[in-house]
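Sequence plus the predicted model coming up.
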Amino acid sequence: MTTSTLNRNEYIDSISTITDHESRRFADQALAWWDRHFSWTAQGCNVLTDENGVHVCYLFGKIDRYSEYLTVYNLFTPLIDQRQGHARELLALVVDDALKRYVRRITFSSVSDSLDFYTTLGFVFWGINSIGNYHCDLPIPKDGLDGFIQMTKTIKSKVLLGDKIEKIFAKVNNNEKKLTEKQHLRLNTDRIKLAKQWGYELMLTCKHEIEVQR
């Protein structure tokens, strides 16, 4: 497997080969979102290519100008290529590249259906954002994607939050109040599934301790 970056026209050509409706719809949505928010000349789409030259997984992400954050916006594998480890492999390669650029943290939001994938990798979620997706913001361990499980199991939440705690708090605070009844039910189910990888209450405790010490 190899990874490369597609420009806009290359991405459009690539997703034109996707045959199932849901995967194509998601690919088109990712294109439209990137068009609205970013310049393709500054950053394209990361793609994982198999030994036959087939594009099997796509990742839209960006490193900020200060090399502080790798932000992952969209990560998807077309249906025909799912459950073969492609998303994990592409994410690992992108994280490794970020480390080479001395990027310190990773952030992204996950929909409920993707939580199993991210929790298996060791990610912790501090709460939900304004549209009800699960918000992650963590340091990048020196050994890359493989290091998240050990890091989140052994390092205290206060350290993981670091000096970003106020930023994270602002991102997730009081968003539960905006949820519909159906979303609340889903959140309660997801909290049980996330277990120790749900960090909202721990984040609030850390914030309170910091305020007391001031």
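Yes, it's here.

contacts, neighbours, all on C-alpha from now
OK.

From the rest of the structure, what touches stretch 81-94?
With contacts defined as C-alpha atoms under 8 Å, 6 or more residues apart in numbering, stretch 81-94 is touched by 3, 46-48, 56-59, 75-77, 144-146.

Write a ChimeraX command that selects only the buried members of these.
ChimeraX command restricting the contacts of stretch 81-94 to the buried ones, with burial defined by 16 or more other C-alpha atoms under 10 Å:
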select :3,46,47,48,56,57,58,59,75,76,77,144,145
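
Which of the contacts of stretch 81-94 fall in strands?
T3, N46, V47, L48, V56, C57, Y58, L59, L75, F76 (DSSP state E).

wait, what's in contact with the fourth one?
Translated: L48. M1, T2, T3, S4, H55, V56, C57, Y58, H86, L90.

Ok, the fifth one next?
V56 makes contact with V47, L48, T49, D50, T77, P78, D81, H86 under the criterion C-alpha under 8 Å, 6+ apart.

now with 10 Å?
Contacts for V56 were tallied using C-alpha atoms under 10 Å, 6 or more residues apart in numbering; they are 1, 14, 18, 47-50, 76-82, 84, 86-87, 90.

cool, and the second one?
Under the criterion of C-alpha under 10 Å, 6+ apart, the contact list for N46 reads 3-7, 11, 57-62, 75, 90-91, 93-94.

Show the buried residues in these.
Buried, going by 16+ other C-alpha under 10 Å: 3, 5-6, 11, 57-62, 75, 90-91, 93-94, out of the contacts of N46.

Now do the buried residues in the host helix or strand of L115.
For L115, the host element (DSSP states H and E) is helix 115-120. Of all the residues in helix 115-120, those buried under the rule 16+ other C-alpha under 10 Å are L115, T119.

what's in contact with the very next helix or strand once past it?
Next in sequence after helix 115-120, counting helices and strands by DSSP H and E, comes strand 127-128. Outside strand 127-128, the residues that touch it by C-alpha under 10 Å, 6+ apart are 109-111, 133-136, 168-169, 171-176, 179, 187, 191, 198-201, 203.

and W40, what does it touch?
L6, N7, R8, N9, W34.

Mind checking what secondary structure the closest residue to the third one other than its chain neighbours has?
The spatial neighbour of R8 that comes closest, neighbours along the chain excluded (C-alpha to C-alpha, 6 or more residues apart in numbering), is W40 at 6.3 Å. Three-state call for W40 (DSSP: H, G, I helix; E, B strand; the rest coil): coil.

Output the lowest mean pLDDT helix or strand found in this structure.
Scoring the helices and strands of the chain by mean pLDDT, DSSP states H and E places helix 200-213 at the bottom, with a mean of 92.

Convert the C-alpha atoms of that one to CSV, please.
Extracted in CSV, the C-alpha atoms of helix 200-213 (Å, rounded to 0.1, in the frame of the first residue of the first chain):
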residue,chain,number,x,y,z
TYR,A,200,-16.6,14.6,29.7
GLU,A,201,-16.9,14.3,33.5
LEU,A,202,-13.2,13.9,33.9
MET,A,203,-12.6,17.0,31.8
LEU,A,204,-15.0,19.0,34.0
THR,A,205,-13.2,17.7,37.1
CYS,A,206,-9.9,18.8,35.7
LYS,A,207,-11.3,22.2,34.9
HIS,A,208,-12.7,22.7,38.4
GLU,A,209,-9.3,21.7,39.9
ILE,A,210,-7.5,24.3,37.8
GLU,A,211,-10.0,27.0,38.7
VAL,A,212,-9.7,26.2,42.4
GLN,A,213,-5.9,26.5,42.2
